[in-house]
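J.: Fold the following for me, if possible:
(one chain, ligands or ions: 1)
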Amino acid sequence: MASQPYFYLMEIVLVILAFFALVVLCFIFLTKPGKRKTAGSMTIPDSYKQHLIEKVQFYNNLDEIGKTSFETRMMRFLSRVRIVGIGTEVEDLDRVFIGASAIIPIFNFDRWEYVNLNEVMVYPETFNTEFEQKGSDRSVMGMVGEGAMQQVMIISQPALRQGFANQSDKHNTAIHEFVHLIDKTDGEVDGIPELLLRHRYIMPWLEMMLKNIRQIRKNDSDINPYGATNQAEFFAVAAEYFFERPDLLERKHPELYGMLAKMFGKTLNSTS
Ligand SMILES: [Zn+2]
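T.: Just a heads-up that it's a prediction; the model follows:
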């Protein structure tokens, strides 16, 4: 008689233990998979992939391994950087364009992270340099913030979209802004990206920039005249050309092409 309740008690204890084991397992499964959650967010949604296929030439020129790497890194970027619309709605397409523009310039540097960027603000039109949308000077299409706006990039939605609508005009505002951020990583936006440029190339690069700026000013160049503003703008404008029309740049400006290829880690004499 005495053993019956004892058995009963053991059974209850076992059930309780099993229940706790289950709770602990669930807990481990749901918390450790912070990794799982991250991995999930790295999986590219079909709609994003479709936008890449339809709109991003750089992505389409990659082989399958390259495409997968591009997708993963783009999703990692998008999970880390906040994208907010200011008076406009940010659509999937905009997120893909911003993510793609971030990855294109640093695609050859696996471990590159934009440590100097937390947020991208998308404006419905161009803005002036005080970030106001209305006013006398509304011509700015993109900007990397300074001072209180450190860690922020601002971009006009029409300019962002236009950059990918026409991929042969050597112009892409978002890539331009990300190249400024890359330039800024060494502390200064001065056209000399010290992280990408070996020391011995700095002087030749400076000379090359000045020579090209002189040619633009003499109206003797097919490089966007905005590049003649200063060295930082020349670097960003030349990079737009490099990523959008590499073959044309190589033909028309072989030295400039060679230098940018070195900086952006592109293997020269490839089969492409
Ligand atoms: Zn610029």
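
J.: Need the phi and psi values for residue 155.
T.: With angles defined as degrees, to the nearest 10, residue 155 shows backbone torsions of phi -140, psi 140.

J.: Could you check how far it is from residue 124?
T.: Computed as Cβ to Cβ, to the nearest Å, the residue 155 to residue 124 distance reads 11 Å. C-beta here means a position set from N, CA and C on the backbone, and glycine is covered the same way.

J.: So for these two, which residue has more residues nearby?
T.: Neighbours per residue (other Cβ atoms under 10 Å) separate residue 155 from residue 124, with residue 155 holding more: 29 against 14.

J.: so that one touches residue 141, yeah?
T.: Yes: in this structure residue 155 lies within contact range of residue 141 using Cβ atoms under 8 Å: 7.2 Å.

J.: what touches both of the two?
T.: In terms of Cβ atoms under 8 Å, 6 or more residues apart in numbering, residue 155 and residue 141 are both contacted by the residues residue 173.

J.: Tell me who's in contact with the closest residue to residue 45 other than its chain neighbours.
T.: Sequence neighbours aside, residue 92 is the residue nearest to residue 45 in space, at 7.6 Å (criterion: Cβ to Cβ, 6 or more residues apart in numbering). Residue 92 is in contact with 45, 47, 48, 51, counting by Cβ under 8 Å, 6+ apart.

J.: what's the spacing between the second one and residue 96?
T.: Applying Cβ to Cβ, one obtains 8 Å for the distance of residue 47 from residue 96.

J.: now do residue 68
T.: Here the criterion is Cβ to Cβ. By it, residue 68 lies 16 Å from residue 96.

J.: what's the answer for residue 42, then?
T.: Residue 42 sits 15 Å away from residue 96, going by Cβ to Cβ.

J.: Tell me which of the two has more neighbours.
T.: Shown here are residue 42 and residue 96; by other Cβ under 10 Å, residue 96 has more neighbours (25 against 15).

J.: you'd agree the more buried one is up against residue 52?
T.: Yes: proximity of residue 96 to residue 52 meets the contact threshold set by Cβ under 8 Å, at 6.2 Å.

J.: Common neighbours of those two, please.
T.: In terms of Cβ under 8 Å, 6+ apart, residue 96 and residue 52 are both contacted by the residues residue 74.

J.: What parts of the protein come near the ion?
T.: By Cβ under 5 Å from the ion, the residues of the chain that approach the ion are 233, 236.

J.: so what's the spatially most central residue of the chain closest to, chain neighbours aside?
T.: Among the residues of the chain, residue 102 comes closest to the average C-alpha position under Cα atoms, centre = their mean, at 1.1 Å. With Cβ to Cβ, 6+ apart as the measure, residue 77 is the residue that lies nearest to residue 102, at 4.9 Å, once sequence neighbours are left out.

J.: and the gap between the one you found and the ion?
T.: With distances taken as Cβ to the ion, to the nearest Å, residue 77 is found 20 Å from the ion.

J.: got it, and residue 82?
T.: Separation of residue 82 from the ion (Cβ to the ion): 22 Å.

J.: just checking, that residue touches residue 118?
T.: Yes: taking contacts as Cβ under 8 Å, residue 82 lies within contact range of residue 118: 6.5 Å.

J.: So which other helices or strands are in contact with the helix or strand hosting residue 241?
T.: Secondary-structure assignment from DSSP states H and E places residue 241 in helix 231-244. Packed against helix 231-244 by the contact rule (3 or more Cβ pairs under 8 Å, 6 or more residues apart in numbering; DSSP states H and E) you find helix 92-106, helix 173-184, helix 199-217, helix 246-252, helix 254-263.

J.: rerun at 10 Å
T.: Applying 3 or more Cβ pairs under 10 Å, 6 or more residues apart in numbering; DSSP states H and E, one finds that helix 231-244 makes contact with helix 57-60, helix 92-106, strand 142-144, helix 157-165, helix 173-184, helix 199-217, helix 246-252, helix 254-263.

J.: Least confident of those, on average?
T.: Averaged per stretch, pLDDT over these is lowest on strand 142-144, reaching a mean of 81.

J.: follow-up on the earlier one: common neighbours of residue 82 and residue 118, please.
T.: Shared contacts of residue 82 and residue 118, defined by Cβ atoms under 10 Å, 6 or more residues apart in numbering, are found at residue 152.
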